[in-house]
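In: what's the 3D shape of this:
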Amino acid sequence: MDAIDRQLVQLLRINARLSYAELARQVGLSAPAVHERVGKLESGGVLLGYQAAVDPEAIGLGVTALIGIITSEGEIEEISAALHELVEIESCYFMAGEESFLCKARVGTIAQLEQLIARMNRISGVSRTRTTIALSTKWEGRPQHPA
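Out: You can find the predicted model right below:
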């Protein structure tokens, strides 16, 4: 990955709807050359996909929680697979430290959050959970700028 590829990734992280012609203009290449580079970034696993950014509250998911999971025994991969089945979990990270996983969940109500936590606690190998509820979102998903 060279400097132009990094530029393309950054531009697409900011606005994935940019045309090949606009990307080409901004990086100083032809549209066919940019098309080829983007294709290589996709097939190489650098660009994993494209998605629409949605306001969670506007679609009825106004409660955001960060849920830490302390495991007792069990296979990490099995626990991870069980967490993946819970559609309310938007992100899941395997952690160093006391908590083995940290999950970001979005639900519509506190009652739905309570039900989700109960389901998480029933997963084999989950010892307990620790939940923090976000009061507001100042920003998230911000594209990182290269150092």
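
In: For the chain, just list every one of the helices.
Out: Applying DSSP state H to the chain gives helices spanning 3-14, 20-27, 31-43, 76-84, 110-121.

In: Check what pLDDT the residue sitting nearest the centre point of the chain gets.
Out: When CA atoms, centre = their mean is applied to the chain, the residue found nearest the centroid is residue 91 (4.9 Å). Looking at residue 91, its pLDDT is 97.

In: who touches it in this structure?
Out: 103, 104 (CB atoms under 8 Å, 6 or more residues apart in numbering). Using the backbone N, CA and C atoms, a C-beta is placed for each residue, glycine as well.

In: Could you do the one 3 residues further on as well?
Out: Listed by CB under 8 Å, 6+ apart, the contact set of residue 94 reads 76, 80, 100, 101.

In: just to revisit the earlier point, go through the helices of the chain and name the closest to residue 95.
Out: helix 76-84 (10.9 Å; CB to CB).

In: how much space between the residue nearest to residue 23 when sequence neighbours are not counted and residue 56?
Out: Leaving aside its chain neighbours, residue 23 sits nearest to residue 34 (4.8 Å; criterion: CB to CB, 6 or more residues apart in numbering). As judged by CB to CB, to the nearest Å, residue 34 and residue 56 stand 33 Å apart.

In: again with residue 120
Out: For residue 120, the distance to residue 56 (CB to CB) stands at 19 Å.

In: try residue 131
Out: Counting by CB to CB - residue 131 and residue 56 are separated by 17 Å.

In: now residue 39
Out: For residue 39 relative to residue 56 (CB to CB), the value is 32 Å.
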